[in-house]
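Engineer: pasted the sequence and its predicted model underneath.
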Amino acid sequence: GDSVTQMEGPVTLSEEAFLTINCTYTATGYPSLFWYVQYPGEGLQLLLKATKADDKGSNKGFEATYRKETTSFHLEKGSVQVSDSAVYFCALMGTSGTYKYIFGTGTRLKVLA
Amino acid sequence: EPEVTQTPSHQVTQMGQEVILRCVPISNHLYFYWYRQILGQKVEFLVSFYNNEISEKSEIFDDQFSVERPDGSNFTLKIRSTKLEDSAMYFCASNGVMNTEAFFGQGTRLTVV
C-alpha cells in the first residue's frame, strides 16, 4: 500500500541555518504531496503542497519539489527562525479509493537562537 | 475563510465511558474523514465517509467506533466504551471533490483516565 517515509528527528539547528527534511513516498500512480506543520499543542496546518511531478510548493520561505524520478518531496528552507520550531509531517493523498491521507512519522525541528 | 470546526477542544473521560467527538465540516463538502494522533506519534487514518455511509475504514476503526452525520452539518465520531489507549488527538477533515486537498480541523484532545 501507499506509504511515506520521513527522516528521523529531532533536528536541531541554529537560527539562520539551512534546513532540509527528507521525505520519500511509495504510491500507485501520482499522488498529491503535502507538508503539514504542527506547533506544540496545536492542530495540523498545511504548509505547502504539490499535485504533479516537478511542481514546487512554497510558503513562508519553505519549499519542496515533487520529484517523480526519486519519489521524493524534501522540505527546505534557506534560513530558519526560532519560530519555525515545530513538528513537520510529510503526507500524500492516495490516488484511489477514498483519497485518504497517508502521513509520515513527523520530524521535530528545534531552532536555537 | 471557511474552516472545519471541532468541539470540544479537550475532553477528559473515564475508562469505559462513551464519548462523542463533534465536527462541522465546510458546508459544501461531501467527503469526511477522521484521523487519530497518539501523543508523539504519526497521524493515522481512521475512517472516511461519503453519501451517508462509510467508504473506507482502517483496522483501528473497530466495533467500538462509529460515525454519523446526524443533521446534514455535523459529523460525529463515537467511541462506545473508551480505553486508556484511545487517548489521542482526533482530527476531522473534509473535502469537496475527491482528489482535492482536504481541510483539517484543529483537533480534539481526548484523555481517558
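Structural biologist: Arrived safely.
Engineer: need the pLDDT of residue 3.
Structural biologist: Here I'm looking at chain A. For A:Ser3, the pLDDT comes out at 92.
Engineer: you answered for a different chain; I wanted chain B.
Structural biologist: 89.
Engineer: how about B:Asn99?
Structural biologist: At B:Asn99, pLDDT is 65.
Engineer: got it, and A:Val11?
Structural biologist: At A:Val11, the pLDDT value in this model is 96.
Engineer: now chain B, which segments are flagged as low pLDDT?
Structural biologist: Low-confidence segments of chain B (pLDDT under 70): B:98-99.
Engineer: all strands of it, in order?
Structural biologist: Remark: strands assigned in chain B by DSSP state E are B:5-7, B:10-13, B:19-24, B:31-37, B:43-50, B:53-57, B:65-68, B:75-79, B:88-95, B:103-104, B:108-112.
Engineer: okay, the ones you listed in a markdown table with distance to A:Thr51 and mean neighbour count next?
Structural biologist: All C-beta spots, glycine's among them, are computed from the backbone N, C-alpha and C. Output for the strands of chain B, formatted as a markdown table (distance: least, Cβ to Cβ, whole Å; neighbours: other Cβ atoms under 10 Å in any protein chain shown):
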| stretch | distance to A:Thr51 | mean neighbour count |
| --- | --- | --- |
| strand B:5-7 | 26 | 17 |
| strand B:10-13 | 34 | 14 |
| strand B:19-24 | 25 | 19 |
| strand B:31-37 | 17 | 24 |
| strand B:43-50 | 20 | 21 |
| strand B:53-57 | 21 | 15 |
| strand B:65-68 | 28 | 17 |
| strand B:75-79 | 25 | 20 |
| strand B:88-95 | 13 | 24 |
| strand B:103-104 | 16 | 20 |
| strand B:108-112 | 29 | 19 |
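Engineer: who wins for proximity to A:Leu46 among those strands?
Structural biologist: Across the strands of chain B, A:Leu46 has its closest neighbour in strand B:103-104 (7.7 Å, Cβ to Cβ).
Engineer: and that closest one, which strands flank it?
Structural biologist: Applying DSSP bridges, strand B:103-104 is found paired with strand B:88-95 (antiparallel).
Engineer: for the nearest residue to A:Thr107 once chain neighbours are set aside, what are its contacts?
Structural biologist: Once flanking residues are discounted, A:Thr107 sits nearest to A:Gly9: 4.1 Å by Cβ to Cβ, 6 or more residues apart in numbering or on different chains. Residues counted as contacts of A:Gly9 (Cβ atoms under 8 Å, 6 or more residues apart in numbering or on different chains) are A:87, A:106-109.
Engineer: can you name the two of the residues you listed that sit furthest apart?
Structural biologist: Of all pairs drawn from these, the greatest distance, 10.0 Å, lies between A:Gly106 and A:Leu109 (Cβ to Cβ).
Engineer: which residues do the two both contact?
Structural biologist: With Cβ under 8 Å, 6+ apart, A:Gly106 and A:Leu109 have common neighbours A:9, A:87-88.
Engineer: save these as CSV, and put in secondary structure and distance to B:Gln106 too.
Structural biologist: Below are the shared contacts of A:Gly106 and A:Leu109 laid out as CSV (DSSP: H, G, I helix; E, B strand; the rest coil; distance: Cβ to Cβ, whole Å):
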residue, secondary structure, distance to B:Gln106
A:Gly9, coil, 23
A:Val87, strand, 15
A:Tyr88, strand, 18
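Engineer: restricting to C-alpha, output stretch A:34-43 in PDB.
Structural biologist: The C-alpha trace of stretch A:34-43 is given here as PDB (Å, rounded to 0.1, in the frame of the first residue of the first chain):
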ATOM      1  CA  PHE A  34       1.800  17.800   1.200                       C
ATOM      2  CA  TRP A  35       3.800  19.200   4.100                       C
ATOM      3  CA  TYR A  36       2.000  20.000   7.300                       C
ATOM      4  CA  VAL A  37       3.300  21.800  10.400                       C
ATOM      5  CA  GLN A  38       2.200  21.200  14.000                       C
ATOM      6  CA  TYR A  39       3.100  23.700  16.700                       C
ATOM      7  CA  PRO A  40       3.100  22.500  20.300                       C
ATOM      8  CA  GLY A  41      -0.400  21.800  21.500                       C
ATOM      9  CA  GLU A  42      -2.000  22.800  18.200                       C
ATOM     10  CA  GLY A  43      -3.600  21.100  15.100                       C
END
